[in-house]
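1. below: sequence and its predicted model.
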Amino acid sequence: MVSRLPGAIARALLVVLLIVTPSMLLPGASSDAQQVVALVAIFGAVLTLVEYASSYPGLVEFRDAPPFNRVRFGSLFATVLLLTVIMRGHTDPTTMTEFITAVGTIIGHSIDFPYSPVRLVVLMMPDQTDAALVADVRTAAGLSYLISLLSLTVFVLALGVNRWPTRSGAFNVWVNLPTFDPTAGGDVVERLNRDARINIALGFLLPFLIPAIVKLASNIFDPVSMANPHTLIWTMTAWAFLPASLFMRGIAMGRVASMIEEKRKRTYAQAQKEQLQTV
């Protein structure tokens, strides 16, 4: 546990930095909002510290199989940081904020074509929404969606280059898949492949389904106001990050299933070879 503690503390500090970034860079946050952010940051730091300081499984999947969680965290942090910088440019414009806003605007307009996830997010907004707010939503959606696609690309490349997850050592299914019970019944490989397909399907569909669900729910409940920059940042981040995270989880579980199947084949082949030698 002592050897794992420095890394756990570093990860906990990074989680705190991620959560408080919008509140630190954006002006006008109320004292109540700051207290809530501080509480969430403390909770996230404690959870991360306990997870990574312990050698036993907890809640975080693929904890000892980098770079799965590193890619996910990097994608999440980049999305929050860039969207925060764009929102800060409305009150405190600088060369950097204007540059990132211009890049985000170009990306948003490029991805905003019929039936695209970004177009569905824009159509999710109420008809009376101000044009400037619609432009901010388009920019945030386009930039966050592009970051999620880049994170998927990085993860897929890491799988091939690093022979994930076996290059860093033996893969412990119990530690890295704490919510997966291999004794629940049925073949482990089949269950892993089934869960992988479900996660990949959800990862592909959620960017399209979430705006449609929000649009339908707005007819019953009050729609979420994107006028608040904090709400805009976290909503767009969650909309892009959650599907990408599910997609990566599905790919990872499929890779684990393939690894177990290959190990079975080697074990069976070795057993047959030894049996023939004894005969």
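-> Nice, thanks for sending it over.

2. quick one: the helices in the stretch 51-200 of the chain?
-> Taking DSSP state H, counting those that start in this stretch as the criterion, the stretch 51-200 of the chain carries its helices at 68-88, 95-111, 117-124, 131-162, 173-176, 188-217.

3. closest one to residue 240 among those?
-> The closest of those to residue 240 is helix 131-162. By CB to CB, the value is 3.8 Å. Bear in mind the C-beta positions are built from the backbone N, C-alpha and C, glycine included.

4. helices and strands around that closest one, which ones?
-> When contacts are defined as 3 or more CB pairs under 8 Å, 6 or more residues apart in numbering; DSSP states H and E, helix 131-162 packs onto helix 68-88, helix 95-111, helix 117-124, helix 229-278.

5. now it, how far from the centre of its chain.
-> Using CA atoms, centre = their mean, to the nearest Å, we find the averaged C-alpha position of helix 131-162 to lie 10 Å away from the chain's own average C-alpha position.

6. quick check: buried residues in it?
-> Residues of helix 131-162 classed as buried under the neighbour-count rule (16 or more other CB atoms under 10 Å) are 134, 136-148, 151-152, 154-155, 158-159.

7. which other residues reach stretch 247-263?
-> Stretch 247-263 is touched from outside by 61-62, 65, 68, 71-72, 151-152, 155-156, 159, 164-166, 171, 173, 177, 188-189, 192-193, 195-204, with contacts defined as CB atoms under 8 Å, 6 or more residues apart in numbering.

8. ChimeraX command for the buried members of those?
-> Restricted to the buried members of these, where burial is judged by 16+ other CB under 10 Å, the ChimeraX selection command reads as follows:
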select :61,62,65,68,71,72,151,152,155,159,164,165,171,177,188,192,193,195,196,199,200,202,203
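
9. least trustworthy helix or strand in the protein by mean pLDDT?
-> Using mean pLDDT, DSSP states H and E, the weakest-scoring helix or strand in the chain turns out to be helix 173-176, at a mean of 82.

10. which positions within it qualify as buried?
-> So helix 173-176, judged by 16+ other CB under 10 Å, has buried residues 175, 176.

11. and it, how far from the chain's centre?
-> From the chain centre to the centre of helix 173-176 is a distance of 20 Å (CA atoms, centre = their mean).

12. list the contacts of that helix.
-> Residues external to helix 173-176 that are found in contact with it (CB under 8 Å, 6+ apart): 55, 56, 57, 61, 62, 63, 64, 65, 165, 180, 182, 256.

13. and if we set it to 7 Å?
-> Outside of helix 173-176, the residues that reach it under the criterion CB atoms under 7 Å, 6 or more residues apart in numbering are 57, 61, 62, 63, 64, 65, 182.

14. and the helices and strands packed on helix 131-162: which comes nearest residue 208?
-> For the helices and strands packed on helix 131-162, the distance to residue 208 is smallest for helix 117-124, at 5.9 Å, taking CB to CB.

15. flag every buried residue along that closest one.
-> Under the neighbour-count rule (16+ other CB under 10 Å), helix 117-124 has 117, 118, 119, 120, 121, 122, 124 buried.
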